[in-house]
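Visitor: Quick one: sequence and predicted model below, then my questions.
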Amino acid sequence: MFSQTKERRAGKSINGISVLIFVLATIIAFTPTVTFSANDTGATDGNKAYDAHATAFSYFFNDSDMDFHFGNLILGSSVNHGAEIGEAFYAASQIKDGDAVSWQDEWYKLARRVEVRGKESLVDGHKVSARDQLQRAAYYYRFSILSMLPNDPRLKERTLKFRNLMKKAGALFEPPLEYIEIPFEKTVLPGYFRKAKAGKEPIKTLIMIGGGETFAEDLYFYIAPQAFARGYNFMTIDLPGQGLLPLEGKVFRADTHIPMKVVVDYALSRSDVDPERLAAYGISGGGGFVPQAAMHDSRIKAIAMSSAVVDAYPIFKAMPVTQATKEEIDSWTSFHGNIVKAINWRWGVPMAEPSALIEANRGFSFDPAKIMVPALLLVGEGEYKSDVTKRQQKLCMDNLPNPMKKLVITPANEGGSNHCVMENRSLVGQVLFDWLEEVFTKK
């Protein structure tokens with residue numbers, strides 16, 4: 001999901017680095033009952049807009065969409081070895097604010113430099129150094145395709161490049177990070193699986209699912225190291241609409257539980273996965289995909305969402321970008337404009353018509369009353385200020401039948417305000433895995 005570009009205060013602030021703090025979240029519970037209707041607009045009087053790429057404060061760039069990606073996707077990944085602060089800020093200092101080509105070029109240059117270091121270490125037999133450099137180089141290549149349009153051949157070339165580097169880095173882990181491909185409808189769903197420890201003993205496992213802009217690599221750098229540290233196998237996958245699958249005509253589909261079934265089939269085909277401790281966590285659009293899967297598949301034993309997307313239609317209807325006039329669209333920076341076009345492509349609508357995303361998301365919903373497993377909703381304080389977001393969480397909480405349900409609002413003053421709380425992944429790890437331990441212990 002994405003935002004409409006807006007003016008930021010002049011100057012560049014680097015205060016955002018301080019958001020990575022390990023904290024306990026604020027917990028809020030709802031009690032009133034609300035009947036869910038697929039036709040509900042989800043809006044109330046007050047803040048009706050839903051700006052998923054809004055941030056609590058500026059990180060570096062004046063262009064708000066570029067700033068969101070830099071502060072959340074990139075700086076946020078540093079805790080999980082996806083980026084180095086010094087490298088990231090150097091690259092940012094070379095980028096022309098709001099310019100898509102400049103962004104793509106500078107991250108590509110950085111990726112190449114780090115890749116060279118990694119390969120030198122690998123040749124000399126320094127496996128830990130090689131692993132660390134290669135996985136970071138892979139993610140820098142991934143950053144370089146942000147704002148790249150689908151007709152650009154570099155999109156596929158660089159994606160294959162960073163996946164190849166992730167494979168090389170993955171082989172240097174112990175146990176190794178496995179690249180996997182799951183057959184689905186005449187193609188494959190690509191992703192990764194890594195055991196928490198060596199051996200065939202079945203252990204608890206987390207499946208991670210992303211949203212409207214993600215590649216499987218994003219989910220690895222989002223929370224995989226926190227999963228391993230707590231003894232969880234970790235698995236992530238690209239669903240239709242994600243990664244490069246739209247190049248094959250596999251765009252987002254409302255019945256996401258169908259591809260999710262083959263994902264669960266694969267997980268449970270492995271002897272190292274405990275079928276009684278299989279959890280799924282979805283962020284952004286994944287906050288709708290995961291619970292919809294749980295509606296149809298009782299093999300998923302617990303779910304988490306950042307945040308709950310009970311019905312995507314009113315969310316997209318409330319986005320400033322889908323209401324933009326031609327004059328506003330013409331004023332967008334090349335970076336923001338390309339981000340919007342790429343999202344449209346992933347939903348199979350004309351790239352020049354962001355308003356088409358509203359109808360494209362009709363039917364992307366789930367019924368909370370049909371989800372029988374424990375559920376966690378995790379929302380940043382800033383995102384929760386949107387009436388649309390707040391109402392979606394209330395619809396979910398009020399109608400989930402399992403008493404093991406929890407809504408956690410992560411605080412802005414501890415760096416947990418933005419969409420998917422990407423800027424404080426240690427906080428997400430604490431909330432998510434502490435809750436899962438309570439669930440699986442009681443089970």
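Guide: Received the coordinates, thanks. Numbering: from 1, shown residues only.

Visitor: Phi and psi next, for the nearest residue to Lys301 once chain neighbours are set aside.
Guide: Counting by Cβ to Cβ, 6 or more residues apart in numbering, Leu278 is the residue found nearest to Lys301 once chain neighbours are left out, at 5.3 Å. C-beta here means a position set from N, CA and C on the backbone, and glycine is covered the same way. For Leu278, the backbone dihedrals (degrees, to the nearest 10) come out as phi -110, psi 110.

Visitor: go on, Glu217?
Guide: With angles defined as degrees, to the nearest 10, Glu217 sits at phi -60, psi -30.

Visitor: Burial check on the nearest residue to it once chain neighbours are set aside, number of neighbours?
Guide: Spatial nearest neighbour of Glu217, excluding adjacent residues (Cβ to Cβ, 6+ apart): Arg142 at 5.5 Å. Look at Arg142: counted by other Cβ atoms under 10 Å, it has 26 neighbours.

Visitor: So Arg142: helix, strand or coil?
Guide: Under DSSP: H, G, I helix; E, B strand; the rest coil, the three-state class of Arg142 is helix.

Visitor: Asp218 is in contact with that one, correct?
Guide: Yes - using Cβ atoms under 8 Å, Arg142 is in contact with Asp218, at 7.4 Å.

Visitor: what distance separates stretch 60-69 from the middle of the whole chain?
Guide: 18 Å (Cα atoms, centre = their mean, to the nearest Å).

Visitor: actually stretch 328-348, not the one I wrote
Guide: Per Cα atoms, centre = their mean, the centroid offset for stretch 328-348 relative to its chain is 19 Å.

Visitor: name the element Lys341 belongs to?
Guide: helix 334-346 (DSSP states H and E).

Visitor: likewise Val188?
Guide: strand 187-194.

Visitor: and what of Tyr139?
Guide: Going by DSSP H and E, Tyr139 is in helix 127-144.

Visitor: And that helix, what does it pack against?
Guide: helix 85-94, helix 100-123, helix 153-170, helix 216-229 (3 or more Cβ pairs under 8 Å, 6 or more residues apart in numbering; DSSP states H and E).

Visitor: so of those, which one's packed in deepest?
Guide: With neighbours taken as mean count of other Cβ atoms under 10 Å, those reach their highest mean count in helix 216-229, at a mean of 23.

Visitor: Show me how far the following helix or strand past that one is from its chain's centre.
Guide: Per DSSP H and E, the first helix or strand lying C-terminal to helix 216-229 is strand 233-237. When distances are taken as Cα atoms, centre = their mean, strand 233-237 is centred 13 Å away from the chain's centroid.

Visitor: so what does strand 233-237 touch, helix or strand wise?
Guide: Strand 233-237 is packed against strand 177-184, strand 187-194, strand 203-209, helix 216-229, helix 257-269, with contacts defined by 3+ Cβ pairs under 8 Å, 6+ apart.

Visitor: rerun that using 10 Å as the cut-off
Guide: Identification of packing neighbours for strand 233-237 by 3 or more Cβ pairs under 10 Å, 6 or more residues apart in numbering; DSSP states H and E yields strand 177-184, strand 187-194, strand 203-209, helix 216-229, helix 257-269, strand 273-283.

Visitor: Who's the closest spatial neighbour of Pro240, skipping the chain neighbours?
Guide: Lys250 (4.0 Å).

Visitor: Over to the one you found: give its phi and psi.
Guide: Per degrees, to the nearest 10, the backbone of Lys250 is at phi -90, psi 90.

Visitor: burial measure for it, as a count.
Guide: 23.

Visitor: Hmm, Leu189 and it touching each other?
Guide: Yes - in this structure, Lys250 is within contact of Leu189 by Cβ atoms under 10 Å, at 8.9 Å.

Visitor: Could you pull out the residues contacting both of these two?
Guide: Listed contacts common to Lys250 and Leu189 are 238-240, 242-243, 259; contacts here mean Cβ atoms under 10 Å, 6 or more residues apart in numbering.

Visitor: Now do the contacts for Gln392.
Guide: Contacts of Gln392 by Cβ under 10 Å, 6+ apart are 36, 40, 42, 50, 287-288, 305, 307-312, 314-315, 377, 379, 386.

Visitor: swap in Leu134?
Guide: Shown in contact with Leu134 (Cβ under 10 Å, 6+ apart): 114-115, 117-119, 121-122, 162, 164-172.

Visitor: Could you rerun that using 7 Å?
Guide: 115, 118, 165, 168-169 (Cβ atoms under 7 Å, 6 or more residues apart in numbering).

Visitor: From Ala342, how far out is Leu155?
Guide: Taken as Cβ to Cβ, to the nearest Å, the spacing of Leu155 relative to Ala342 amounts to 9 Å.

Visitor: again with Ala254
Guide: Taken as Cβ to Cβ, the span from Ala254 to Ala342 is 20 Å.

Visitor: Pick out whichever of these two has more residues nearby.
Guide: Ala342 (21 against 15).

Visitor: how many neighbours does the closest residue to Asp99 other than its chain neighbours have?
Guide: In this structure, Asp99 finds its nearest non-sequential neighbour in Ser334, 5.8 Å apart by Cβ to Cβ, 6+ apart. Ser334 sits with 16 neighbouring residues when counted by other Cβ under 10 Å.

Visitor: residues touching Tyr281, list them.
Guide: Contacts of Tyr281 by Cβ under 7 Å, 6+ apart are 206, 208, 290, 304, 432.

Visitor: which among the residues you listed gets closest to Asp65?
Guide: Using Cβ to Cβ, Met208 is the member of those that lies nearest Asp65, at 24.0 Å.

Visitor: rewinding a little: residue contacts, the residue nearest to Asp99?
Guide: Counting by Cβ under 7 Å, 6+ apart, Ser334 makes contact with 98-100.

Visitor: Same list (those) but as TSV, adding pLDDT and distance to Gly348.
Guide: Shown next, in TSV, are the contacts of Ser334 (pLDDT from 0 to 100; distance: Cβ to Cβ, whole Å):
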residue	pLDDT	distance to Gly348
Gly98	98	27
Asp99	98	28
Ala100	98	22
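
Visitor: just the helices in the stretch 251-400 of the chain please.
Guide: Using DSSP state H, counting those that start in this stretch, the helices of the stretch 251-400 of the chain run over 257-269, 286-296, 312-317, 326-331, 334-346, 356-360, 381-384, 387-399.
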